[in-house]
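>>> when you get a sec, could you give me coordinates for this:
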Amino acid sequence: MKRLLIPLAAAAILACVATGASAESIPAPRDAPYPGTLQLEVDATDLDHRIFHVRETVPVAAGGPLVLLYPKWLPGNHSTTGPVELLAGLIITAHPGGTRIEWRRDPESMHAFHVDVPAGATELALSFEFITPTAAEQGRRVVTPDMLGLHWEKALLYPAGHYARQITVEPSIKLPAGWEFATALDGAIRTGDTVRFAPVKLDQLGDSPLYAGRYYQRHDLDTNPKAPVRLHVFADRPAELAAKPEQIAAHGKMVREALALFGSRHYAHYDFLLAISDNLSGIGLEHHQSSENAVGLGYFLDWDATASGRDLLPHEMEHSWNGKFRRPADLWTPGYDVPMHNSLLWVYEGMTEFWGVVLATRSGLWTPQYTRDVLAQYAATFDAGRAGRQWRNLQDTTNQPIIAYHVPQSYASWQRSVDYYTEGVFLWLDADTKLREATRGKRSLDDFARSFFGVNDGELGPVTYTRDDVVRTLSEVSPGDWDAFLQERVEGHGPRAPLDGLERGGWRLVYTDQPSTFSTGVDKANKRASFSFSLGLTVADSDGKITDVVWGSPAFAAGLAPGMILLAVNGRAWSGDVLKEAIVAAQGGRGTIDLLVRNFDTFQTSRLPYHDGLRYPHLARIAGTPDRLGELLKPRT
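Have a look, this model is predicted:
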């Protein structure tokens with residue numbers, strides 16, 4: 001073997017890598033004020049190139065080493081999603097004097113930039129660009145010709161060594177001519193198209209995104225002067241703003257139902273930011289006193305067809321109590337450079353998903369029948385289509401945002417993704433109906449919500465919680481071995497999904513040959529034909545691409561895989577209707593359904609010996625049992 005000679009300098013670098021040492025240290029955050037106020041100016045007028053031009057002033061107390069950080073661990077994402085790769089053109093100069101300073105990226109932490117502040121300098125002037133994605137495959141599109149969404153924390157650098165709540169920033173933004181804006185930030189003063197805001201702590205700034213656009217409408221959902229709630233709507237075109245009074249009334253009732261549930265407010269004001277657009281990428285992201293939501297066209301205009309997304313706003317507002325005011329202890333961090341731990345996302349997100357469904361129904365955004373259709377679809381997905389529960393429990397899915405944030409999977413039914421959301425619905429439905437059963441209808445998860453999240457009315461917090469706090473409060477609502485209850489459902493492997501609460505609620509999962517309104521709407525919105533509960537595959541309408549194959553299904557057993565192109569069914573050109581007809585014709589028979597598919601540059605015929613017909617999930621009442629699910633969904637106001 002040839003001996004490898006390593007130069008001394010390279011050997012030193014390898015030694016640092018081997019021992020975990022860094023050539024330059026990054027100060028750990030301290031709970032001590034940063035001297036001075038950072039000035040942040042964002043120019044958002046370059047719509048053609050979709051670029052935010054940023055100028056920032058960072059005061060410095062003395063010369064010497066300084067580390068500037070780009071946010072890495074982002075709240076709400078529960079992950080290392082700070083897009084430092086979108087930062088470009090960074091130039092730093094020291095003042096007085098205007099001397100340019102070279103920066104050095106940390107070799108281990110790509111979000112950290114080292115600078116040497118010259119003696120006598122009192123501030124650093126930074127200029128750079130935040131290059132927003134111009135195509136969907138690059139990331140979330142946040143700038144269009146008609147609207148934009150700004151996450152302030154993605155357009156700044158901040159000094160290391162201090163808690164985010166100890167760094168003060170005075171932000172401003174220059175908007176395209178004539179555009180309106182909305183944000184939870186206070187103290188806005190507009191001069192022409194430049195808007196300046198009152199100084200704010202860095203953690204609050206990062207928790208207060210801004211929407212702006214050409215076409216805008218505001219609706220007041222709660223006019224309480226102590227804590228008003230407003231819905232700010234931005235759209236691709238003016239017609240999309242035309243909401244009917246009853247539609248806005250349902251959103252207002254949703255707010256009242258949330259207040260009735262928790263019995264408290266933990267915001268000085270709350271601002272829903274809603275974009276109705278086919279150009280701005282979709283999003284639903286919680287913040288303490290606002291939420292940013294982006295949905296497709298037709299939210300108001302095509303009310304019936306867009307029903308599936310109407311639990312989004314209830315979900316995000318519920319986070320003001322669960323996730324922002326009360327926060328899992330291991331998800332609270334002093335700054336964006338400290339790792340988060342997601343162990344309680346089945347409470348933070350799972351319970352929020354549960355209450356999002358409930359509040360959508362109590363407010364009239366969904367009908368009870370539509371909600372039952374939603375629950376049936378979710379239940380069938382986990383009961384029949386999540387083989388991955390055999391090896392990966394619900395607890396481990398809370399690590400998914402850190403493992404791979406929103407990355408498409410080849411076999412989601414086996415790999416599992418962020419299942420703590422929708423499987424969490426059944427975890428908490430199980431808890432609710434168990435409480436109702438044990439107390440003969442006198443107590444429910446509503447009582448838990450008020451006791452756990454409704455404390456300290458008017459305070460912003462955060463107040464952290466642990467798993468033991470959850471168990472303790474459940475026991476106070478109704479005594480029982482709640483620790484064992486949660487362990488079985490969060491850390492167990494089934495074999496079935498946790499549907500006990502559904503059946504204890506008086507309903508059973510069944511299958512018929514007719515799709516529900518919910519499943520039909522979702523397939524139409526996603527431009528697909530889904531046969532998940534029969535053949536076990538989903539196909540795109542446009543080109544016949546197989547987008548999903550359920551692990552262990554007839555389609556999986558026949559060798560079909562995502563990415564293949566379905567060309568023909570039993571010798572006829574593929575279409576959703578043709579495949580349905582073939583499934584119906586094969587029911588009760590002995591033959592096969594023959595699918596001609598293209599696999600890269602080869603063609604193959606997969607023969608599926610499937611004879612059980614079309615299967616779509618629904619809920620059916622269990623005769624002679626209390627309708628506890630119905631009681632859960634009843635309005636409180």
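>>> next up, the contacts around Arg50.
Taking C-beta atoms under 8 Å, 6 or more residues apart in numbering as the criterion, Arg50 is in contact with 131-134, 141-143. All C-beta atoms are positioned from the backbone trio N, CA, C, and that covers glycine.
>>> please parse the protein into its domains.
Here the domain assignment for the chain is 37-318, 328-504+625-633, 517-616, based on automatic domain parsing.
>>> mean confidence score for the last one?
To tie it back to what came earlier, the one meant is domain 517-616. Mean pLDDT, computed over domain 517-616, is 96.
>>> so Ser343 touches Gln395, yeah?
Yes: under the criterion of C-beta atoms under 8 Å, Ser343 makes contact with Gln395 at 7.3 Å.
>>> what residues are shared contacts of the two?
Counting by C-beta under 8 Å, 6+ apart, nothing touches both Ser343 and Gln395.
>>> excluding its backbone neighbours, what's nearest Tyr378?
Thr422 (4.8 Å; C-beta to C-beta, 6 or more residues apart in numbering).
>>> ok, which stretches of the stretch 1-150 of the chain are helices?
In the stretch 1-150 of the chain, the helices defined using DSSP state H, counting those that start in this stretch lie at 8-19.
>>> what about it, any weak spots by pLDDT?
1-23 (pLDDT under 70).
>>> neighbours of the closest residue to Asp513 other than its chain neighbours, how many?
Nearest residue to Asp513, sequence neighbours excluded (C-beta to C-beta, 6+ apart): Leu614, at 4.2 Å. When neighbours are counted by other C-beta atoms under 10 Å, Leu614 registers 18.
>>> over to Lys545?
Counted with other C-beta under 10 Å, residues neighbouring Lys545 total 17.
>>> distance of it relative to Lys527?
Distance of Lys545 to Lys527, computed by C-beta to C-beta, to the nearest Å: 11 Å.
>>> same check, this time on Val195
Applying C-beta to C-beta to Val195 and Lys527 gives a distance of 39 Å.
>>> more crowded one of those two?
Val195 (21 against 9).
>>> the more buried one - that's part of a strand, no?
Yes: judged by DSSP: H, G, I helix; E, B strand; the rest coil, Val195 forms part of a strand.
>>> isn't it right up against Phe181?
Yes: taking contacts as C-beta under 8 Å, Val195 lies within contact range of Phe181: 6.3 Å.
>>> shared neighbours, these two?
173, 175.
>>> same question for stretch 587-594: list its buried residues.
By neighbour count on 16 or more other C-beta atoms under 10 Å, the buried set for stretch 587-594 is 592-593.
>>> let me fix that: stretch 106-124
The neighbour-count check on stretch 106-124 (16+ other C-beta under 10 Å) flags 106, 109, 111-115, 117, 121, 123-124 as buried.
>>> and which of those residues is nearest Thr57?
Glu123 (5.5 Å; C-beta to C-beta).
>>> which residues of the stretch 401-550 of the chain fall in strands?
463-465, 507-512, 528-531, 537-540, 546-549 (DSSP state E, counting those that start in this stretch).
>>> out of the contacts of Arg50, which are buried?
For those, buried by 16+ other C-beta under 10 Å: 131-133, 141-143.
>>> and Thr397, how many neighbours does it have?
The number of residues near Thr397, taken as other C-beta under 10 Å, comes to 26.
>>> what's near enough to touch it?
Contacts of Thr397 (C-beta under 8 Å, 6+ apart): 416-420, 423.
>>> let's have these in a markdown table, adding distance to Ser320, pLDDT and neighbour count.
Converted to a markdown table, those look like this (distance: C-beta to C-beta, whole Å; pLDDT from 0 to 100; neighbours: other C-beta atoms under 10 Å):
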| residue | distance to Ser320 | pLDDT | neighbour count |
| --- | --- | --- | --- |
| Arg416 | 29 | 94 | 22 |
| Ser417 | 25 | 95 | 18 |
| Val418 | 21 | 95 | 21 |
| Asp419 | 24 | 95 | 24 |
| Tyr420 | 20 | 96 | 28 |
| Glu423 | 23 | 95 | 25 |
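>>> which one of these sits closest to Ala155?
Closest to Ala155, out of all of the contacts of Thr397 and judged by C-beta to C-beta, is Val418, at 26.8 Å.
>>> helix/strand/coil for Ile173?
Secondary structure for Ile173, judged by three-state DSSP, is strand.
>>> so what's the residue count around the nearest residue to it once chain neighbours are set aside?
Among residues not flanking Ile173 along the chain, Val42 sits closest, at 4.7 Å (C-beta to C-beta, 6+ apart). Applying other C-beta under 10 Å, we find 22 residues neighbouring Val42.
>>> and what of Ser291?
Counted with other C-beta under 10 Å, the neighbours of Ser291 add up to 27.
>>> roughly how far is the helix or strand where it lies from the heart of the chain?
Using DSSP states H and E, Ser291 sits in strand 290-295. Centroid separation for strand 290-295 versus its chain: 10 Å, with C-alpha atoms, centre = their mean, to the nearest Å.
>>> so what strands line up beside it?
strand 270-276 (parallel), strand 283-286 (antiparallel) (DSSP bridges).
>>> go ahead and name everything in contact with the last one.
Strand 283-286 is contacted by residues 76-77, 140, 149, 209, 291-294, 312, 315-316, 319-320, 323-324 when judged by C-beta under 8 Å, 6+ apart.
>>> ok, so of those, who is nearest Leu579?
Closest approach to Leu579 among the contacts of strand 283-286 (C-beta to C-beta): Leu312, at 31.1 Å.
>>> burial of the nearest residue to the closest one once chain neighbours are set aside, as a residue count?
Nearest non-adjacent residue to Leu312, counting by C-beta to C-beta, 6+ apart: Gly284, 4.8 Å away. Applying other C-beta under 10 Å, we find 18 other residues in the vicinity of Gly284.
>>> try Asp500
15.
>>> who are the contact partners of the closest residue to it other than its chain neighbours?
In space, and not counting its chain neighbours, Asp500 is closest to Asp430: 5.3 Å by C-beta to C-beta, 6+ apart. Contacts for Asp430 (C-beta under 8 Å, 6+ apart) come out as 485, 489, 498, 500-501, 504.
>>> any of the residues you listed buried? List them.
Looks like the contacts of Asp430 have 485, 489, 498, 501, 504 buried, using 16+ other C-beta under 10 Å.
>>> now, which of those residues lie within helices?
485, 489, 501, 504 (DSSP state H).
>>> and which of the residues you listed is nearest to Glu56?
Ranked by distance to Glu56 (C-beta to C-beta), those are led by Arg489 at 47.2 Å.
>>> let me know the pLDDT of that closest one.
In this model, Arg489 is scored at 94, pLDDT.
>>> I figured it hits Ala497, correct?
No: counting by C-beta under 8 Å, Arg489 stays clear of Ala497, with 9.7 Å between them.
>>> one step back: just flag the most distant two among the contacts of Arg50.
The most widely separated members of the contacts of Arg50 are Ile131 and Arg141, with 12.2 Å between them, by C-beta to C-beta.
>>> redo the contacts of Asp430 as TSV? Include distance to Gln400.
TSV is the format used below for the contacts of Asp430 (distance: C-beta to C-beta, whole Å):
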residue	distance to Gln400
Phe485	23
Arg489	18
Pro498	19
Asp500	25
Gly501	23
Arg504	29
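>>> and which of these is nearest His251?
Gly501 (28.0 Å).
>>> list the buried residues in stretch 463-472.
For stretch 463-472, by 16+ other C-beta under 10 Å, it's 463, 465, 467, 469-471.
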